[in-house]
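**Student:** Build me a model:
(2 chains)
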Amino acid sequence: MPLIQVKDLYKIYQMGNVEVRALDGVSVDIESNEYISIMGPSGSGKSTLMNLIGCLDTPTSGDFFMDGVNVATMTDDELAHIRNKQIGFVFQTFNLLPKSTSLRNVELPLIYNGSIKASERKGMAISALERVGLGDRTHHKPNELSGGQRQRVAVARALVNDPAIILADEPTGNLDSKTGEEIMALFDDLHQQGNTIILVTHEEHIAAHANRVVRLLDGKISEDVLTHRAK
Amino acid sequence: MKSFFWENLRIALSELWAHKTRTILTGTGIVIGIIAVSLMSTLINGVDGLFENSMKFLGRGNLYVEKWPWFGDEDWWTLRNRPRIELEMADEILERSEYALVVATERGRSANLSYNELSAENIFIHGVTANYPEVSTVDVEFGRFFTGSEDRTGTQVILLGSEVAKTLFPLENPLDKLIFAGSKRFRVIGVLSEMGKFMGAFSQDTQVLIPMETFNKIFHGPWGMRRITVKVPEDHVEDAKEELRGVVRVLRGLKPGEKDNFAVNQQDSFRQTYQGIKMAIGGTGLIITALSLLVGGIGIANIMFVSVKERTREIGVRKAMGATRSQIQGQFLIEAILITATGGLVGLIVSTAVSLAISKFLFPASMSFGIAFMAIGLSVGVGLFAGLAPARKGAKLDPIEALRYE
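**Tutor:** Residues are numbered from 1 along each chain as shown, chains lettered A, B, ... in the order given. All right, here's what the predicted structure looks like:
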C-alpha cells in the first residue's frame, strides 16, 4: 500500500459567480522513501495540493489516504494530530519563532505531541539539531543565525517528531544558490537515511534532486516522470 | 493536557516579559479595579462591625418612650411642641403593660466636673433609676452601683465613665473621693467599664451616672434628655410596642383619631435606617467599582486582540506543527488571566496595606479572607471574560492564511 494515495481530488473555490477549480481531479500515489518534486507555474494548483498533502486543508471531494487513513473527512483537531505526527514542514520563509532559541523552536512539534515527556524533549531536539550540523547553535535565536542556518533549524524541527513525510515548500527560495545547494544536499542525505521527501518548487535544478517529478497545470497532472536520479 | 498548561504558562510569561510596558499599563487597570472593589467591601464590613458594636448599647428588647422620634419625617415644629415626657408615667406603664419587664427612667444634661485642680468639661450627667443596669449594658468595673434607697432619698453619689475617671483621677483611686458637678458635691462610688463609642461618635465613656431623684433635686427646668426605657421580651418587641403606645395614649388622655404626641423608639429603627443607607452607599459604590473592573477588562481584551493580530504568523506555525484549537485558545487565555491575576494580587496587597492603615487611624476595617478570595476570583474572571473572544479568534485562524500573513 502506498504511503499517500490521492484519488480524484477536487478543490473548488467559489469566487462570486466564478468557479475556480484549483484541483480538478488529481490522482497520485506516493510510496514510502520516495523523493518527489511537485512543479508547476503559479495558479497551477501546486500550492493547493501541497496544503492538502500537508493536512492544512480539506478537499471539496475525493479521497486522500495517508498511511491507509482517509484524511479528507477529518475535523480540524484530527488534522492537527496528523500534522503533528506525520508531517514535517519546511517553509520558504523558515517560519521560526523569532523570540525562541533553536532548541525551543525544534522542541515545538514535541510539545504538541502530547506523549513525550518534557525531560525527553531536550535530548531529542539536540540530536535533531546535530543531524543538521547545528549541535553548537542550540541557544541561538533566529536573528543570530545565517539564512542557511535558519533553514537547517527548520529542517531539524521537521525531523524531530520522526514524521512520515517531510514537506518542503520552496526550501531554497530565500537562500543564495550556494547555501541552497547545501540545504539540498541535506535533503539528499535525509532521503538516503530513509525519509520520504516532497519538494514543492518551480526551479528545475532544485526539482532535479528528486527521483520523480510531478507537474501540474490548470489543476490537473500534466506529467509524472522519474528523473535520471531514479535510475 | 497538564503539560500544555505549563507550556502555555511559559509562553505567556515570556510574551508578557517581552512586552513589559504594555503588560504593566494594561495590568494597572485591573490593579485599580481590584483595589476599589476590595477596599469598598472592606469599608462596608468595617462600618457593619461598627454598627453592630454600637447596637449592643441599645438592648434589642428595649422600647424608649421619648418626645423625639429617632428617625422620621414629621414636621419639626409639631415635634417641638409636643409635651415633654412625664417620667412619673413609669410606674403606671409597669402596672398596665402586659409585656413590660422593667421600666427605667432617664434624664440627662451636660455639666462640668472638677476634682481639686483637675476638671472635665461638658460631661453628660445621666440621671437614672436604680434599675438602669437591667435595661442597659453598663458594667461597674469597680466600686458599686447605687441602691434604690439612695435613689429615693436623693443621695449625692456618682459613678464615673472610664474616660472621666482617667481625666479626674490620673493617679489616685477615685473611690470615695468627693468631686464637684456644677456646684454640688458628689461621692464617687464606682467606675464604669470602658464601652467605646456609639456609632463611632458619641463616647459612652465620658458620661457619669447619678440617681434620678438626685438629678431632679439639683437640675430643675425642662431642659435635657428625658425618656422612659421599657424592657420587653425580645421575641415580642412589635406587640409590646403597640401595647406601649396604647398605654401611653391612655395615660396622656389622647382621643381616638388624635395623633401620638410622643415617640416609641427602638433599636430596629436604627437598623432599618442603617440598612437603607448601607444599601444606597455600598450598592452604588460597588457598582461604580465593578465598572472600573469592567473598563480594566476591556483594556485587556483590546490588548489581547492586538496580541493575536501581531502573532498571526506564530499561530500559523504552531498550527502547522500540530497545535489544536484548544491549545491555541488556552495559550491566549492563560496570557490574559496571567495579567489580571497578577494585577489582582498587586491590588490586593495594596488594599490590604490601605485597610491596615484605615483600621489603625480611622476605624476597624480588616480585609477578610472572603474579600481576598473574591478579589482573586474576580480578577481571574475578568481575565477569562476579556481573553475569551481574542483567544477564540486566534484559535479559529486558518493555518494557511496565518502562515501567509505578513
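
**Student:** Between the two ends of stretch B:225-238, how far is it?
**Tutor:** Using CA to CA, to the nearest Å, the end-to-end distance of stretch B:225-238 comes to 25 Å.

**Student:** Give me the contacts around that stretch.
**Tutor:** B:59-67, B:84-85, B:87, B:89-90, B:93, B:97, B:99-109, B:134-136, B:240-241, B:244, B:266, B:268 (CB atoms under 8 Å, 6 or more residues apart in numbering or on different chains). C-betas here are computed from N, CA, C, even on glycine.

**Student:** Give me the buried positions along that stretch.
**Tutor:** Using 16 or more other CB atoms under 10 Å in any protein chain shown as the test for burial, stretch B:225-238 gives B:R226, B:R227, B:I228, B:T229, B:V230, B:K231, B:V232, B:V237.

**Student:** Show me what the helix or strand harbouring B:G276 is packed against.
**Tutor:** Using DSSP states H and E, B:G276 sits within helix B:267-310. Judged by 3 or more CB pairs under 8 Å, 6 or more residues apart in numbering or on different chains; DSSP states H and E, helix B:267-310 is in contact with helix B:20-55, helix B:325-361, helix B:369-396.

**Student:** let's go with 10 Å and repeat that
**Tutor:** helix B:2-18, helix B:20-55, strand B:62-66, helix B:237-252, helix B:312-320, helix B:325-361, helix B:369-396 (3 or more CB pairs under 10 Å, 6 or more residues apart in numbering or on different chains; DSSP states H and E).

**Student:** now the angle from the first one to helix B:325-361?
**Tutor:** Angle, helix B:2-18 to helix B:325-361, by axes from the mean of the first three to the mean of the last three CA atoms, to 10 degrees: 60 degrees.

**Student:** Let me know whether helix B:2-18 sits next to chain A.
**Tutor:** Yes: interface with chain A: helix B:2-18 contributes B:S3, B:F4, B:W6, B:E7, B:N8, B:R10, B:I11, B:S14, B:E15, B:W17, B:A18 (CB under 10 Å from any CB of the partner chain).

**Student:** What angle do helix B:20-55 and that helix make with each other?
**Tutor:** Going by the same axes, to 10 degrees, helix B:2-18 makes 100 degrees with helix B:20-55.

**Student:** Buried residues in helix B:2-18, which are they?
**Tutor:** Applying 16+ other CB under 10 Å to helix B:2-18 flags B:S3, B:F4, B:E7, B:N8, B:L9, B:I11, B:A12, B:E15, B:L16 as buried.

**Student:** and of the residues you listed, the nearest to chain A?
**Tutor:** B:E7 (5.3 Å; CB to the nearest CB).

**Student:** Helices along chain A, start to end?
**Tutor:** A:46-53, A:76-86, A:102-113, A:118-131, A:147-159, A:177-192, A:204-207 (DSSP state H).

**Student:** Which residue is the nearest non-sequential neighbour of the residue in the stretch 301-406 of chain B positioned nearest to chain A?
**Tutor:** Using CB to the nearest CB, the single residue of the stretch 301-406 of chain B nearest to chain A is B:G322, 2.3 Å away. Nearest residue to B:G322 in three dimensions, chain neighbours excluded: A:N84, at 2.3 Å (CB to CB, 6 or more residues apart in numbering or on different chains).

**Student:** how many neighbours does the residue in chain A positioned nearest to chain B have?
**Tutor:** At 2.3 Å from chain B, A:N84 is the closest residue in chain A, using CB to the nearest CB. Residues near A:N84, counting by other CB atoms under 10 Å in any protein chain shown, number 25.

**Student:** mind listing what it touches?
**Tutor:** Applying CB atoms under 10 Å, 6 or more residues apart in numbering or on different chains, we find A:N84 in contact with A:55, A:108-114, A:161, A:163, B:319-324.
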